[in-house]
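Chemist: Pasting the sequence and the predicted coordinates here, then a few questions.
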Amino acid sequence: MPIATPFPGGTILGYPRIGRRRELKRALEARWAGRTTDAELEAASRALRLATVRRLVALGLDPADGSVPSSFSPYDQVLDAAVLLGAVPAADYFVAARGDGARPPLEMTKWFDTNYHYLVPEIGPDTPLTFADDAPVRWFAEAARPDDGGQAVVTRPVVVGPVTFLLLAKAAAGAPVGFRPLDRLDDAVAAYADLLAALGAAGAPWVQLDEPALVADTVTGHLAPGALAEAVTRAYATLTAVPGRPAILVAAPYGDLRGASGDHLAPLAASDVEAIAVDLVRGSAPTGLVPGLESKALVAGLVDGHNVWRADLAARLAQAARLQAATGTGAVAVGTSTSLLHVPHDVEDETWDGAAGRDPRLRDWLAFADQKVAEVVTLARGLAHGPGAVAEQIAAASAALADRAAAAGVVVPAVRERVARLGEADVARAPYRERAAAQAARLSLPPLPTTTIGSFPQTPEIRAARAAWARGALDDAAYEAAMRAEVARVVALQEELGLDVLVHGEPERNDMVQHFAERLDGFAVTAGGWVQSYGSRCVRPPILWGDVSRPAPLTVAWTRYAQSLTAKPVKGMLTGPVTILAWSFVRDDQPLGDTAAQVALALRDEVADLEAAGAAVVQVDEPALRELLPLRREDQRAYLDWAVRAFRLATAGAAPDTQVHTHLCYSEFGEVIDAIDGLDADVTSLEAARSRMEIVPQLRDAGYGRGIGPGVYDIHSPRVPSAGEVTELLRLAVRAIEPALVWVNPDCGLKTRGYAETTESLRHLVAAARAVRASL
Ligand SMILES: CN1c2c(nc(N)[nH]c2=O)NC[C@@H]1CNc1ccc(C(=O)N[C@@H](CCC(=O)N[C@@H](CCC(=O)N[C@@H](CCC(=O)O)C(=O)O)C(=O)O)C(=O)O)cc1
Ligand SMILES: N[C@@H](CCS)C(=O)O
Ligand SMILES: [Zn+2]
């Protein structure tokens, strides 16, 4: 039975929150620095919320029917849900996000397979779970009934759904063994029910509950078969029974609702929610008879929210029409596959003048958030009125795609041929035993060698110098001199501290991926394409558009300079192929594994040049190895195979006496332990302090038998660990694995820290290493 199509003009699942000019970042940081008041922060946030929803109307979304999402968050949407439920008091919002002198912040981790990070709520049997904060209601009302004389917009509040919220939470300290936050589903759902009633009373026609956990075995894999479907059924039976509630759209972005581990479309289709948003970029359209779907609207995620390529409108429109005809849904609306949180605001904000790889042709191939909204609006019009109604837009999109496919640089035969010639010998080094002996002879390091992960504090002076250089106020020579002075300071500091393997400190790097992309062919970088990474912190993901090659050495001069200042070994420092891909917008016209091989070969040449310049140690960072792990278990093996191969391609050209390090952080490593071993690095440093070294026995049990540097202090906060604390962690490590394998280093790079705490912390690290060495 056909039902009325909701959002007939199209909709999006969410929009960037940081602001076109990073207004939210500036407002937050000014407040945290004490330069403004709470009222000023709220005024700036409100202005941003209103400007955003009005912008979406100007781009073509309907202002009256809930097509415009209200997806603002002051810091993080998962923290917002914790405050909504009273699990975190509203007054402690920023304490939970950032900590204060006395309380640590909530743990932060990756949001599905993206480079966005959320705060992990802590839920125990007694954690309050009641409708405690009505921010979604206030934000709905302020847009629907504005008091600034501006346009009224009837929005669709967007909230993390109850099942996903509890699955992303962790058990609070002290919770009984076996307790899981999902055990509190009924309490959480009762609070959501109150929210729905309040939104209904405020006049909201729709609410969007985000349930991406339904597509992710990485989040739900521990549940008993059927438990997830049962939780969804129970939660949505209660929520749909709320009198006077808005219509409910359940969104399942980032993947497929149906996988080898279960069919999670079925319980949603069988529920009484009005609409389901499916990701048709990463996931698939419903097929076969799905009971209940006939009374639902499907919000078809046809426009990629996760990447920046202009959509093939002809193909997408045909897909939408097929969906309408064939899936047995009551109605089809056009939407984005995910929130647009992961892409920059507007292609038009960039200059496309060839600088930094910003080839003028690229402008036409790309769609950032605003262009994606326009694509959604076009597809919705085409679906409603036939392709003829949008013939011009379809033709323009097809022409841009054809231009892109044929453009010089997209396919570079020499790069393709080099990749095609690769064989197994290119990914194999000499046996570890042989390498270890050669490296020991070359490096003469003490037991428990001390080192750092690469970056030293990026001081305001360094950033100001780079900003001045970027706007032409500082010439190349002066900028380079400033960075060399910083390298000299970092080397002198490490000598003074007594570290064993030194680094140059990475002052010349704006970002560990962007810096490389700026120097490789096949990439473009943006000047202002900021994307929120967490809270007020942003990154500018490069755009990988063509075949990748290295026109000139990338890092050699800095490493050589640092090495000229010391007799101790200086590590060459590279970002690995998987991480470069994970933190870039990657081309969508070939398998990711092929792109990874191209990047790996560019890095392989860099390793060779570092060796030729005398580097005895080279580190290739792969902090995003776990991030790109596919959400569905059945897809993980293939990913890990190409990811490991790419790392080995990058590093296996190194001579046996060159010590290859890698570094991983920002994730739980459990699911990638075998892959870590498979990288075949001589030394692997990992974030480990907060988990008290638990990775060390895990790696040992998996048979890992090469160098390991479990982080001995957490670099995420300015807190200085005592030498005693570091010693204790180090003792845990040497008890868990052969001490001859253990290295001593912090959890990660020090770029976000200041010099005062860094110096003190490293002093304690060296003291701890000496103390434990003495007791071996
Ligand atoms: C390790 N992490 C990274 C991830 N992804 C990356 N691509 N890179 C990473 O390092 N993902 C996982 C984690 C996420 N963690 C972080 C941590 C910190 C930041 C961060 O601090 N971001 C900065 C911007 C960093 C940067 O690009 N700096 C540039 C430009 C600086 C800038 O904004 N300049 C101002 C002018 C300043 C002045 O003094 O005049 C401007 O342009 O307006 C640089 O150093 O040159 C942030 O501020 O958000 C991100 C992810
Ligand atoms: N070498 C980098 C790794 C960060 S994950 C750094 O030290 O910042
Ligand atoms: Zn790291």
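Modeler: All right, it came through fine. Ligands and ions are numbered 1, 2, ... in the order given.
Chemist: going forward, measure contacts and count neighbours with C-alpha atoms only.
Modeler: Will do.
Chemist: Around ligand 3, pick out the residues from the stretch 601-750 of the chain.
Modeler: 665, 748 (CA under 5 Å from the ion).
Chemist: can we see that at 8 Å?
Modeler: Applying CA under 8 Å from the ion, we find that the stretch 601-750 of the chain lies next to ligand 3 at 621, 623, 663-666, 686-687, 747-749.
Chemist: now the chain
Modeler: Going by CA under 8 Å from the ion, the residues of the chain near ligand 3 are 453, 621, 623, 663-666, 686-687, 747-749.
Chemist: how about the residue in the stretch 601-750 of the chain positioned nearest to ligand 1, secondary structure?
Modeler: Proximity to ligand 1, evaluated over the stretch 601-750 of the chain using CA to the nearest ligand atom, is greatest for Tyr666 at 6.9 Å. Following DSSP: H, G, I helix; E, B strand; the rest coil, Tyr666 is assigned to coil.
Chemist: returning to that earlier point: against ligand 2, which of the residues of the chain next to ligand 3 make the cut? List them.
Modeler: 453, 621, 623, 748-749 (CA under 6 Å from any ligand atom).
Chemist: May I see the ChimeraX selection of the buried members of the residues you listed?
Modeler: The buried residues among those can be selected in ChimeraX (16 or more other CA atoms under 10 Å) with this line:
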select :453,621,623,748,749
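Chemist: quick revisit: just name the lowest-scoring one in the residues of the chain next to ligand 3, pLDDT-wise.
Modeler: Lowest pLDDT of those: Tyr666, 75.
Chemist: so which residue of the protein comes closest to ligand 3?
Modeler: Cys748 (3.9 Å; CA to the ion).
Chemist: wait, doesn't that residue sit right on Ile715?
Modeler: Yes. Cys748 is within contact range of Ile715, at 6.4 Å (criterion: CA atoms under 8 Å).
Chemist: element containing the residue of the chain closest to ligand 3, please.
Modeler: If you go by DSSP states H and E, Cys748 is not part of any helix or strand.
Chemist: so what's it closest to, chain neighbours aside?
Modeler: Nearest residue to Cys748 in three dimensions, chain neighbours excluded: Ile453, at 5.5 Å (CA to CA, 6 or more residues apart in numbering).
Chemist: next one: Asp349
Modeler: Asp349 sits nearest to Gly528 (CA to CA, 6+ apart), 7.2 Å away.
Chemist: Next one: the one you found from Ser536, what distance?
Modeler: For Gly528, the distance to Ser536 equals 15 Å [CA to CA, to the nearest Å].
Chemist: any idea which of the residues of the stretch 601-750 of the chain next to ligand 3 is closest to ligand 2?
Modeler: For those, the nearest to ligand 2 is Gly749 (3.1 Å; CA to the nearest ligand atom).
Chemist: State the distance from the closest one to Ala237.
Modeler: 47 Å.
Chemist: can you check Glu434 too?
Modeler: For Glu434 relative to Ala237 (CA to CA), the value is 63 Å.
Chemist: Over to Gly178?
Modeler: Note on Gly178: its distance to Ala237, by CA to CA, is 26 Å.
Chemist: ok, now Asp256?
Modeler: In terms of CA to CA, Asp256 sits 23 Å off from Ala237.
Chemist: Compare the two (neighbour count), which wins?
Modeler: Asp256 (25 against 17; other CA atoms under 10 Å).
Chemist: residues contacting the spatially closest residue to the more buried one that is not a sequence neighbour?
Modeler: Spatial nearest neighbour of Asp256, chain neighbours left out: Gly283 (3.8 Å); criterion: CA to CA, 6+ apart. When contacts are counted by CA atoms under 8 Å, 6 or more residues apart in numbering, Gly283 touches 254-257.
Chemist: Which members of those residues are the farthest-apart pair?
Modeler: The distance between the two most remote of the contacts of Gly283 (CA to CA) is 9.4 Å, for Tyr254 and Leu257.
Chemist: Give me the common contacts of the two.
Modeler: Common neighbours of Tyr254 and Leu257 (criterion: CA under 8 Å, 6+ apart): 215, 283.
Chemist: which one of these two has more residues nearby?
Modeler: Tyr254 (29 against 26).
Chemist: OK, contacts around that one?
Modeler: 112-113, 212, 215, 279, 282-283, 337-338.
Chemist: For the stretch 351-500 of the chain, which segments count as helices?
Modeler: 360-365, 369-385, 391-406, 413-420, 432-443, 460-470, 476-497 (DSSP state H, counting those that start in this stretch).
Chemist: Ok, which of the ones you listed comes nearest ligand 2?
Modeler: Going by CA to the nearest ligand atom, the one of these nearest ligand 2 is helix 476-497, 12.9 Å.
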